[in-house]
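Enquirer: pasting the sequence and the predicted model now:
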Amino acid sequence: MRTFLTLWLGQTVSLLGSGLSSFALGVWVYQRTGSVTQFALTLFFNVLPGVLLSPVAGALVDRWDRRRAMLVSDAGAGASTLAIALLPFAGQLEGGHIYAAVAASSAFQSLRWPALSASIPLLVPKEALGRANGLVQTGMALAQTFAPLLAGVLLGVLGLAGLVLLDVLTFACAVLTLLIIRIPKPRPATGDGPRRPLLREAAYGWTYIAQRPGLMALLLLFTACNFIMGLLTVLITPMVLSFTTPEVLGRVLSATGAGMLAGGLVMSLWGGPRRRILGIFATLMLQGLALLIGGLRPSALLIAAASFLFLFGFPVLSASSQAIWQSKVAPGVQGRVFAMRQMLALSSIALARLAAGPLADQVFEPLLAPGGPLAESVGRVLGVGPGRGIALFFLVLGIAELLVLAAAWSYPRLRRLEDEVPDAVEAPVQGETAAVL
């Protein structure tokens, strides 16, 4: 646990720095363009490399020492982020520069998540997986809670370049913690055979999942939920900025992060329900209901409350799902399997971020503009004007999440997943190190 906590601390500090720079870049782009589409492109290029590179990243994680994979990830991402910080000093920062640097950082970080996820079962016992994953979610929540608050204050003091430089320093902190720990090597998976070409190994993650219908159904459920989440990450900023200031936006996003923090703390102490799949279903219902109330009024307090509830469920969902995967997938192939999960998750998020801007700007916003097709009907409830079409979008997403939940509940292989798929965890091989490619 000491090794895990050291690893967790370094990655949490890095996440906090990334939250600072992400907030600053998003505000910079949106305030200069006034376009949801341009804002969404920043988020899109943050996930596109992960979509394309995740399968190969997973195969590399299973071949390499997982600590070294995370070192490459953090060092490369830090160097890419440094480029963004230096451009304002040269007076050359443009939207295209941000897209390129964000994409480069994302390419390196495609190694981080499968390496971190596959390392946890090697560092903590099976019965502690729920709490360990809860701590990971708590770290993400700490970043989401405090990064917007700090960024909203520091942006006017340090400027965009200063905040991005802070992110570079947090990457350095993550690298330092990785240098002082060791992560055991897992035993090779049964039937994994001799080393195959890298691309064939990358594709094995999909084969492994496809042979287990319950795991496939869980993957598809979270792919749909990630699509909804991807839309929300784009929509909340322009909806709040349509009626208030960046400072208030920072407080709203911090309240949102506080919900995630509360959920992460609950999972860290509790470890999650004994029947994790039922906990996933119950949490999805809570999130759908939160979305239904989030767009009712142009009120920062109402949006913050709904977002708090929505994000409170996120650590429960993520930690419960992660514990299922970590206990059901053989450690020797977890890099490839988890990378395939990452690829599909990021694919749905990338598609959502690409679609969110045009849907908001060209479909939903015109519906509730003054004199728009729904101004005299739905507009009497939600209001009319900037941001109210996005509020309608929120309601549609809430209904969609509840429909996804109903479809998932109707599939028995998913409901009985924890009983039908045997555990595949094993004790760590202490003292061994992985071969390096």
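Expert: Received, thanks. Numbering: from 1, shown residues only.
Enquirer: give me the number of residues near the closest residue in space to residue 139 that isn't next to it in sequence?
Expert: When the adjacent residues along the chain are set aside, residue 139 lies closest to residue 12, with 3.4 Å between them (CB to CB, 6 or more residues apart in numbering). Placement of C-beta: from N, CA and C, glycine included. Using other CB atoms under 10 Å, residue 12 has 21 neighbouring residues.
Enquirer: surely residue 12 and residue 143 touch.
Expert: Yes - with contact defined as CB atoms under 8 Å, residue 12 reaches residue 143; the gap is 6.8 Å.
Enquirer: lowest-scoring secondary structure element of the protein by mean pLDDT?
Expert: Sorted by mean pLDDT, DSSP states H and E, the helices and strands of the chain end with helix 36-63, the least confident at a mean of 78.
Enquirer: flag every buried residue along that one.
Expert: Buried positions in helix 36-63, judged by neighbour count with 16 or more other CB atoms under 10 Å: 36-37, 39-63.
Enquirer: now do stretch 203-213
Expert: For stretch 203-213, burial by neighbour count (16+ other CB under 10 Å) applies to 203, 204, 205, 206, 208, 209, 212.
Enquirer: pretty sure the fourth one sits in a helix.
Expert: Read it as residue 206. Yes - under DSSP: H, G, I helix; E, B strand; the rest coil, residue 206 sits within a helix.
Enquirer: excluding its backbone neighbours, what's nearest it?
Expert: Leaving aside its chain neighbours, residue 206 sits nearest to residue 340 (5.3 Å; criterion: CB to CB, 6+ apart).
Enquirer: sorry, back to before: mind putting the buried residues of stretch 203-213 into CSV with pLDDT and distance to residue 6?
Expert: What follows is those, written out as CSV (pLDDT from 0 to 100; distance: CB to CB, whole Å):
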residue, pLDDT, distance to residue 6
203, 78, 34
204, 83, 31
205, 84, 28
206, 87, 33
208, 90, 30
209, 91, 31
212, 91, 33
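Enquirer: which one of those residues is nearest residue 295?
Expert: Using CB to CB, the shortest approach to residue 295 within those belongs to residue 209, at 35.1 Å.
Enquirer: surely that closest one meets residue 217?
Expert: No - using CB under 8 Å, residue 209 is not in contact with residue 217, being 10.1 Å away.
Enquirer: helix or strand right after the helix or strand residue 235 falls within?
Expert: Taking DSSP states H and E as the definition, residue 235 sits inside helix 213-241. Next in sequence after helix 213-241, counting helices and strands by DSSP H and E, comes helix 246-270.
Enquirer: buried stuff in that following helix?
Expert: For helix 246-270, by 16+ other CB under 10 Å, it's 246, 249-268.
Enquirer: equivalent analysis for stretch 391-401, please.
Expert: Of all the residues in stretch 391-401, those buried under the rule 16+ other CB under 10 Å are 391, 392, 393, 394, 395, 397, 398, 400, 401.
Enquirer: and the first one, what does it touch?
Expert: Residue 391 sits next to 239, 294, 295, 296, 298, 368, 382, 383 when contact means CB atoms under 8 Å, 6 or more residues apart in numbering.
Enquirer: equivalent analysis for the fifth one, please.
Expert: In this structure, residue 395 makes contact with 291, 292, 295, 382, judged by CB under 8 Å, 6+ apart.
Enquirer: so of the residues you listed, which ones are in helices?
Expert: Counting by DSSP state H, the contacts of residue 395 place 291, 292, 382 in helices.
Enquirer: just give the number of residues close to residue 161.
Expert: Neighbours around residue 161, by other CB under 10 Å: 15.
Enquirer: test my guess that it contacts residue 83.
Expert: No - the pair residue 161 and residue 83 does not pass the contact test of CB under 8 Å, sitting 11.3 Å apart.
Enquirer: still on that earlier bit, go through the ones in helices among the contacts of residue 395 and give me the one with the most neighbours.
Expert: Highest neighbour count within the ones in helices among the contacts of residue 395, by other CB under 10 Å: residue 291, with 24 neighbours.
Enquirer: isn't that residue right next to residue 401, touching?
Expert: Yes - Residue 291 lies in contact with residue 401 (CB under 8 Å); the separation is 6.3 Å.
Enquirer: so for residue 256, what's the pLDDT?
Expert: What the model reports as pLDDT for residue 256 is 79.
Enquirer: can you name the residues that contact it?
Expert: 144, 236, 304, 307, 308, 310, 311.
Enquirer: at 7 Å what do you get?
Expert: Residue 256 makes contacts with 144, 304, 307, 308, 311, as judged by CB atoms under 7 Å, 6 or more residues apart in numbering.
Enquirer: among those residues, which pair sits farthest apart?
Expert: 144 and 304 (12.9 Å).
Enquirer: which other helices and strands contact the helix or strand where residue 156 lies?
Expert: Using DSSP H and E, residue 156 sits in helix 129-179. Packing contacts for helix 129-179, counted by 3 or more CB pairs under 7 Å, 6 or more residues apart in numbering; DSSP states H and E, involve helix 2-33, helix 66-90, helix 112-123, helix 246-270, helix 300-328.
Enquirer: turn these into CSV, including distance to residue 421.
Expert: What follows is the helices and strands packed on helix 129-179, written out as CSV (distance: least, CB to CB, whole Å):
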stretch, distance to residue 421
helix 2-33, 25
helix 66-90, 24
helix 112-123, 15
helix 246-270, 22
helix 300-328, 5
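Enquirer: so for residue 180, which of those sits nearest?
Expert: Set against residue 180 and scored by CB to CB, the helices and strands packed on helix 129-179 come closest in helix 2-33, at 6.9 Å.
Enquirer: one step back: the buried residues of stretch 203-213 into TSV, with extra columns for distance to residue 316?
Expert: Output for the buried residues of stretch 203-213, formatted as TSV (distance: CB to CB, whole Å):
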residue	distance to residue 316
203	32
204	30
205	25
206	27
208	26
209	23
212	23
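Enquirer: tell me which of those residues is nearest to residue 171?
Expert: Closest to residue 171 out of those is residue 205 (27.1 Å), distances taken as CB to CB.
Enquirer: so the least confident helix or strand of the chain versus helix 2-33, what angle?
Expert: Angle of helix 36-63 versus helix 2-33, following axes from the mean of the first three to the mean of the last three CA atoms, to 10 degrees, is 160 degrees.
Enquirer: mind giving me the packing neighbours of helix 36-63?
Expert: Here helix 36-63 is seen to pack against helix 2-33, helix 95-109, helix 112-123, helix 198-210, helix 213-241, helix 334-358 when contacts are counted using 3+ CB pairs under 7 Å, 6+ apart.
Enquirer: distance from it to the middle of the chain?
Expert: 11 Å (CA atoms, centre = their mean, to the nearest Å).
Enquirer: start at 325, not 1
Expert: Yes, from this point I'll number from 325; that puts the last item at helix 360-387.
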